[in-house]
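*Asks:* What shape does this take:
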Amino acid sequence: MDQPNEKIPREIWKTSFKALGTDITLQIVSKTVEEGLAEKIKDFYAAQNKVFSRFDLDSEIFQLNQNLGFFNPASFDMIEIVKRSLEYHKRTGQYFDPRILEVLERAGYKKDFKLSQFFETGDVVAVEKLSGDLARDLKIKDGKVFFGRRMDFSGIAKGFITDKAADFLRKKGYENFLVDSGGDMRAAGKNEEGSDWLISLEGFKDEEILIKLGEDFSGVATSGITRRKWQNKKGRFHHLIDPKNPARFAFDLKSVTVVSGDCEEADIWAKTLFLLGRERGMFFSEKSGMKSIFVDYKGNAYLSSGMKEVVIK
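*Replies:* As a prediction, this is how the structure comes out:
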């Protein structure tokens, strides 16, 4: 049996493909990997896309958004996302809110990002504040879900899917792996050298930062506006919508990275902290013991006390 700190080279299997509008990469440390595993993983991501992609006219989320005001049959994964969305809405003080779809569309983000024509921007200022309990517009009953307004679960879906991919690999018997869904990651066990998985974060003024992922803190997610931002005659916009002030698009931060117990948690809190801004976000991180890194557009990195415990420089 390998000793915990013993670095022994091991075989590593990798596969990469496009899904969820991003690059997906999986690494498994194992002497043997079952035949056809890459295709099974691709099929898994494709199936999740058919549930949560608002750009796919045949997806479950698109169909539910066409049938507002009624309880409609829903898949297990959709019901799970609804449950978790209601919980995170409360836990984040209503900063997580899937009712932001109208704001995204008014800001010009109507199609897949690469296909959107961002000059088609409506009056974002006219969008009402997304106040009030999400539970009035999002409900579950007897295996069905109710949408009172159109929903977009992109703020939680990628983390949720990444964790499900990790569960999929565990059920297959793999103990050491890393799942990377476009920067949302979930690690398990050790890397090919028998050490903790190390995640490299770039874009800082001074140097890259390495984050160590272990069993207790195995999920990492970054939310930022490096890629998904645009400008037109109506102003500057990005995809991270503040439900408490939909017309406000802050550009003081470039990104926020959070390390947590799983990828879904990290995904939710990275977006929430970004919306809070550096000062309030850092105060919240310190108060709650959250592991976070805030990066501004000058490349300055601000690490919470908790994050310093898992960072290797």
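*Asks:* for the strand or helix carrying residue 185, the distance to its chain's centre please.
*Replies:* Using DSSP states H and E, residue 185 maps to strand 184-188. On the basis of Cα atoms, centre = their mean, to the nearest Å, strand 184-188 sits 12 Å off its chain's mean C-alpha point.
*Asks:* shift numbering so it begins at 258
*Replies:* In the new count, where the first residue is 258, that last one comes out as strand 441-445.
*Asks:* what's next to it, contact-wise?
*Replies:* 415-416, 419-420, 422-423, 426-427, 431-436, 454, 456, 470-472, 475-479, 519-520, 523-524 (Cβ atoms under 8 Å, 6 or more residues apart in numbering). Placement of C-beta: from N, CA and C, glycine included.
*Asks:* go with 7 Å
*Replies:* 415-416, 419-420, 423, 427, 432-436, 454, 456, 470, 475-478, 519-520, 524 (Cβ atoms under 7 Å, 6 or more residues apart in numbering).
*Asks:* Just the buried ones from those?
*Replies:* Burial by neighbour count, judged by 16 or more other Cβ atoms under 10 Å, picks out 415-416, 419-420, 423, 433-436, 454, 456, 470, 475-478, 519-520, 524 from the contacts of strand 441-445.
*Asks:* circling back: what pairs with the strand holding residue 442, and is each one parallel or antiparallel?
*Replies:* strand 434-438 (antiparallel), strand 476-481 (antiparallel) (DSSP bridges).
*Asks:* Now render the ones you listed as a markdown table, adding mean pLDDT.
*Replies:* As requested, these are exported to a markdown table (pLDDT from 0 to 100):
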| stretch | mean pLDDT |
| --- | --- |
| strand 434-438 | 97 |
| strand 476-481 | 94 |
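*Asks:* For residue 352, which of these is the nearest?
*Replies:* Using Cβ to Cβ as the measure, strand 476-481 is the one of the strands paired with strand 441-445 that comes nearest residue 352, at 11.6 Å.
*Asks:* Output the next helix or strand after that closest one as CSV - backbone C-alpha positions only.
*Replies:* Downstream of strand 476-481, the first helix or strand assigned by DSSP H and E is strand 486-489. Output of strand 486-489 as CSV, limited to C-alpha atoms (Å, rounded to 0.1, in the frame of the first residue of the first chain):
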residue,chain,number,x,y,z
LYS,A,486,-18.3,40.5,-21.4
TRP,A,487,-19.4,42.9,-24.2
GLN,A,488,-20.0,46.5,-25.1
ASN,A,489,-22.4,48.4,-27.3
